[in-house]
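Chemist: turn this into a structure:
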Amino acid sequence: MESDVNHPPPGKRIHLIRWAPSDAGWVSEVRAGRYLGPDDADWLLDVDGEHQRLPRTEWQRFVPKHDQPAPTGREADVLTIRATARPIMEPPTE
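Modeler: Numbers count the residues shown, from 1 in each chain. You can find the predicted model right below:
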């Protein structure tokens with residue numbers, strides 16, 4: 001695994017998530033694509049041949065359960081996913 005999840009090696013397939021308020025509460029939006037290279041303001045992705053710039057202030061990287069290594073030993077009973085993706089704003093109050 002990379003030493004810095006915010007700067008993976010170019011060409012690596014990554015997953016990003018962002019949260020947005022809706023009438024039903026918070027909903028997630030996910031993008032998966034090939035990381036194109038470093039940029040401190042945006043994630044640069046190739047998503048099915050389309051280049052996209054996703055603001056790092058809105059999108060965070062995550063590792064889907066199917067991409068994680070299989071746990072061994074005592075960890076085999078519990079899978080812990082580090083929660084780095086959280087809403088960056090509170091939903092409006094009415």
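
Chemist: can you pull the contacts of G37?
Modeler: Applying Cβ atoms under 8 Å, 6 or more residues apart in numbering to G37 gives the contacts P10, L44. For glycine as for every other residue, the C-beta is placed from the backbone atoms N, C-alpha and C.

Chemist: equivalent analysis for the one 5 residues further on, please.
Modeler: Residues touching D42, when contacts are defined by Cβ under 8 Å, 6+ apart, comprise R53, L54, P55, R56.

Chemist: what do you get for H15?
Modeler: Listed by Cβ under 8 Å, 6+ apart, the contact partners of H15 are V30, R31, A32, R61, F62, V63, P64, D67.

Chemist: secondary structure element for it?
Modeler: Secondary structure from DSSP states H and E places H15 in strand 13-22.

Chemist: which parts of the protein are strands?
Modeler: All strands of the chain, identified by DSSP state E, fall at 13-22, 25-37, 42-47, 50-55, 60-62.

Chemist: tell me which of these sits nearest to N6.
Modeler: Set against N6 and scored by Cβ to Cβ, those come closest in strand 60-62, at 6.7 Å.

Chemist: mind listing what's buried along that closest one?
Modeler: Q60, R61, F62 (16 or more other Cβ atoms under 10 Å).

Chemist: related to what we said a few turns ago, who wins for neighbours among the contacts of D42?
Modeler: Highest neighbour count within these, by other Cβ atoms under 10 Å: L54, with 18 neighbours.

Chemist: identify the bridge partners of that residue.
Modeler: Judged by DSSP bridges, the bridge partners of L54 are W43.

Chemist: for it, list the residues it contacts.
Modeler: L54 makes contact with L16, R18, R31, D42, W43, L45, according to Cβ under 8 Å, 6+ apart.

Chemist: quick one: it from P21, how far?
Modeler: According to Cβ to Cβ, to the nearest Å, L54 and P21 sit 18 Å apart.
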